[in-house]
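>>> show me how the following folds:
(chains A and B)
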Amino acid sequence: MNKKTLHTYLNKNIQASTLAFFRLAFGLMMLFSIVRFVSFGWVDKFYIQPKFHFTYYGFDWVKTLGNVTYLLFFICGLAAFMVAIGYKYKIAISTFFLTFTYIELMDKTTYLNHYYFISVVSFLLIFLPANATFSVDAYKNKKLRFKEVPKWTVDVLKLVLAIVYFYAGLAKLNSDWLLEAMPLKIWLPNQSNVPIIGNLFHETWVQYSFCWFGALYDLAIPFLLFNKRTRNFAFFLVVVFHILTKVLFPIGVFPYVMIISTLVFFDASFHEKVLQFISKIFKIKTTIFSASKAYRLNLASKKNAFKISFLAFFMVFQLLFPFRYLLYPNELFWTEEGFRFSWRVMLMEKAGYTQFYITDSKTNQKIFVDNANFLTPFQEKQMSFQPDFILQYAHFLHNHYKEIGYNDPKVTVDSFVALNGRLSKRYIDPKVDLAKEYESLQHKTWILPFNDEIKGF
Amino acid sequence: MKKFLFLTIIAVFLSSCSDDSDSSSSGDNYDRSGMLTNWADNIIIPRFVDYQSKVGLLKNGVATFTTTPNQANLDNLRITWINVSKSYQYVNAFNIGKAEDINFTRCTNIYPVNTSGIQANIASGNYDFSLLSQYDKQGLSALDYMLNGLALNDSEIIGFYTTNANAVNYNKYLVDLTSRLKTNVDAIVNDWNSSYRATFIASNGSAVSSSVNKMVNSFVKYFEKDLRAGKIGIPAGIYSNGALYPEKVEAYYKNDISKMLLNEAVNGAQDFFNGKHFNSTTEGMSLKSYLDFLNTVRNGQNLSTIINNQFIAIEAVNNTFNTSLSYQVNSDNSVMISSFDQLQQNVVYFKLDMMQALNITVDYVDADGD
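Numbering: from 1, shown residues only, chains lettered A, B, ... in the order given. Just a heads-up that it's a prediction; the model follows:
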């Protein structure tokens, strides 16, 4: 693409209502999500009660805040609401991004791809003029009121959604999913009392059909949504697919977020109608937002050129980052090196058993660790099959036992993991003193080999 | 366009309906009630009734012995005690319902027993067995000490109940120990026979508090802590970095029945897994048939077969033991360690592979996402 076509593209405009629609929908969903999270008592359960938190590599400095965590959630929820109504939008969306991401960084036990998705989208939204219309900002300040916004601001959101679906589809192109129907073969029979279709879940052909259609759906849906002729059909599929996953699995708010987000693919006239419909309900005169100008970035300015380049770089990063697993030896599903932040959703039924031992270096006294003394059941479950959790916990144990008087305590573990219907196997080298191993981006040599292969992406 | 809005609203509405449904509502259509009924009617209740009748015989034996303390009555009493110990191996895993409420397993079979505590109790004649601090001064191991461990030869042991200055209290302690066992098992059997059986079977969901979940947790915990760690691991020095504790075996004072008790316990565990009826070769609904129903195949083999094969491997090692495990610890502890390893393998199969397949979790947390 030469500079001219690039400029032509960047100067293309579309109606501002699409971005405004997305802003409103996103803000409300996030508000709902935060309220739901707090109302379930999860703030206490996940961030206040645990004695110890599993942090991300490089983010050890992110600490939980005790009861102040509630304030953090309140600020996050308030920011989401301000985003929805478009009040002090820039500050609101920045605050939302920062607080939400901080919450996610506090403990990786609760890691979910969809939380990462929200962080990515809210980060992008900081740079987009989503308050150009149908917002308090646009109402109060004529300067912020626009009829049109650059087309790329909407395209970038579509691209993020397309990546989520397409990469999730690519990840399903593996031998476990396609040839063994794993892990659905394990999960579906547990849902046999779902009305009408439940009885079919024991059938092998049903399990395989779910796998193949699931992969096909994820791969095709971005293209079906992009294409105007297939868009209605695509949205119908989106609704059916997500309702089905909602019924089958306890996956919280993710289905709503995806269903609503895909509406961004529709024409601006649709978003315009939705906004008018909402205006009618709340008796807002749409004329108060009327503007004739288009939001335009002066591409000659260094600042804007930098901004555009930065966003382009960010999107390229999004495209490449999920493939970082190729840099690691051994089986991705087994070591999970490069597994997170890659849109690998519902691919594994994995569980572990870990018995830690502490050995005093001087007296050679060896004791057994009861994980329940330090971890919540949920943390223990997640820790048992993820090497970086095991390592971080081992260091915590080392420090704890050192503090209570053990001499340079060695930390070893009997660890077994069962993955996707395989019999459990020893996971971590039982002879390695984990207190002497350190987290890094390097391959962890103390993970025992998988001795099997899952072919594919 | 309106219809899309409509469709979306419907979609959100529909999904909210199913939102946050209790995990207990999910299910695999296995007849859990059938399995619970088999467990209750053909295994748990008959086993407790059997144990109760053995405790009854023990009580008679104690009455006879305390009335006429002589060698013949001591010999008979010891046999009744061995039979109780043997029968107990088949109920140890059922720490559920009344048994759980009264801490049945902890006040029936803690070993090593606290001998100085027992002597203090006898001296004072004043003790309350229901206190937590009294758990290691009662039960089958306390009886072991009273019948086999008071002295090195039988005539001296009988002397404690006849000529000893405190003979009255020794006799009383023996009676009280036995009465306590009787009271406990009577309470458990009564509860099963009156209301608990129905409660147990009715709780056929898959929530944390459901019977299947609780029973499996109780069974696996028993297998891991009482069987693997208690009978083998601790004496073999697994938990003391090689320091051996031959005196910490089960029935240490009788000494030559620890292997037999171990074998009975392993049998009991395997029978429960396979749903084998009391005193019969019939197998009913069980964890084994549950796994098979779910078509749990691992590495080309049914998981239930893998687990049963592992039981065979455990028995193969255990059969090489000396009749006394404390002798075994002293003579060749490596066999104890290989027994531990074999038992450990089934702990992993139970706790990891089986519980994963049965979708039994330690605690329910919403997996809100992928």
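>>> C-terminal to the helix or strand hosting B:E100, what's the next element?
Using DSSP states H and E, B:E100 maps to helix B:98-101. Using DSSP H and E, the helix or strand that directly follows helix B:98-101 along the chain is helix B:115-124.
>>> would you map the helices across the stretch 151-300 of chain B?
If DSSP state H, counting those that start in this stretch is used as the criterion, the helices of the stretch 151-300 of chain B fall at B:154-162, B:167-191, B:197-202, B:211-221, B:258-274, B:287-293.
>>> now the stretch 151-300 of chain A
Counting by DSSP H, counting those that start in this stretch, the helices of the stretch 151-300 of chain A are A:151-172, A:175-179, A:184-187, A:204-226, A:231-248, A:254-262, A:268-281.
>>> any idea of the mean pLDDT for the shortest one?
To tie it back to what came earlier, the one meant is helix A:184-187. With pLDDT averaged residue by residue, helix A:184-187 scores 90.
>>> could you dump the helices of the stretch 151-300 of chain A to TSV with mean neighbour count and distance to chain B?
From N, CA and C alone the C-beta is placed, and that goes for glycine too. Shown next, in TSV, are the helices of the stretch 151-300 of chain A (neighbours: other CB atoms under 10 Å in any protein chain shown; distance: least, CB to the nearest CB, whole Å):
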stretch	mean neighbour count	distance to chain B
helix A:151-172	20	9
helix A:175-179	18	14
helix A:184-187	20	7
helix A:204-226	17	9
helix A:231-248	18	4
helix A:254-262	22	5
helix A:268-281	17	5
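>>> residues near B:T64, how many?
Using other CB atoms under 10 Å in any protein chain shown, the number of residues around B:T64 comes to 17.
>>> likewise the one 3 residues further on?
For B:T67, the count of nearby residues is 9 (other CB under 10 Å).
>>> could you check how far it is from A:S135?
Counting by CB to CB, to the nearest Å, the separation of B:T67 from A:S135 is 95 Å.
>>> so A:V411 bridges to which residues?
Beta-bridge pairing for A:V411 (DSSP bridges): A:I358.
>>> my read is that it contacts A:P430, right?
No. In this structure, A:V411 is not within contact of A:P430 by CB atoms under 8 Å, at 11.4 Å.
>>> who has more neighbours out of the two?
Counted by other CB under 10 Å, A:V411 and A:P430 do not tie: A:V411 has more neighbours, with 25 against 14.
>>> so for the more buried one, what's the pLDDT?
Value for A:V411, per-residue pLDDT: 97.
>>> show me what contacts it?
Going by CB atoms under 8 Å, 6 or more residues apart in numbering or on different chains, A:V411 touches A:F356, A:Y357, A:I358, A:A394, A:H395, A:L397, A:H398, A:D433, A:L434, A:A435.
>>> what number of residues lie near B:A202?
12.
>>> that one: what's it in contact with?
B:A202 sits next to B:S33 when contact means CB under 8 Å, 6+ apart.
>>> ok, now how distant is B:F219 from B:D341?
21 Å.
>>> so where's chain B shaky on pLDDT?
Applying pLDDT under 70 to chain B picks out residues B:1-26, B:361-370.
>>> could you chop it up by domain?
Annotated domains of chain B cover B:28-204, B:205-361 [automatic domain parsing].
>>> for A:N193, find the nearest of the ones you listed.
Closest approach to A:N193 among those is made by domain B:28-204 (6.1 Å; CB to CB).
>>> mind checking how far that closest one is from the chain centre?
Chain-centre distance of domain B:28-204: 13 Å, with CA atoms, centre = their mean, to the nearest Å.
>>> span of it from start to end?
12 Å (CA to CA, to the nearest Å).
>>> same check on stretch A:36-46?
End-to-end distance for stretch A:36-46, by CA to CA: 14 Å.
>>> show me what counts as buried in that stretch.
By neighbour count on 16 or more other CB atoms under 10 Å in any protein chain shown, the buried set for stretch A:36-46 is A:F37, A:V38, A:W42, A:V43, A:F46.
>>> what about A:T354, which SS state?
Three-state assignment for A:T354 (DSSP: H, G, I helix; E, B strand; the rest coil): strand.
>>> ok, the closest residue in space to B:G97 that isn't next to it in sequence to B:F278 distance?
In space, and not counting its chain neighbours, B:G97 is closest to B:Y196: 4.7 Å by CB to CB, 6 or more residues apart in numbering or on different chains. To B:F278, B:Y196 is 18 Å away according to CB to CB.
>>> and if you look at B:L352?
B:L352 sits 29 Å away from B:F278, going by CB to CB.
>>> these two: who's more crowded?
Shown here are B:L352 and B:F278; by other CB under 10 Å, B:L352 has more neighbours (21 against 17).
>>> so that one, which state does it fall into?
Using three-state DSSP, the structure places B:L352 in helix.
>>> wait, is A:M348 part of a strand?
No. With three-state DSSP as the criterion, A:M348 is assigned coil and is not in a strand.
>>> which residue packs closest to A:A20, ignoring adjacent ones?
A:F134 (4.1 Å).
>>> hang on, I meant A:Q392
Using CB to CB, 6+ apart, the closest residue to A:Q392 is A:F54 (5.7 Å).
>>> looking at it, that neighbour is touching A:K108, isn't it?
Yes. Using CB under 8 Å, A:F54 is in contact with A:K108, at 4.9 Å.
>>> how many neighbours does B:K276 have?
Each residue near B:K276 was counted by other CB under 10 Å, and the total is 21.
>>> looks like it contacts B:L287 (just checking).
No. If you go by CB under 8 Å, B:K276 and B:L287 don't touch, sitting 11.5 Å apart.
>>> and stretch B:293-309, end to end?
Chord length of stretch B:293-309, first to last residue, is 19 Å (CA to CA).
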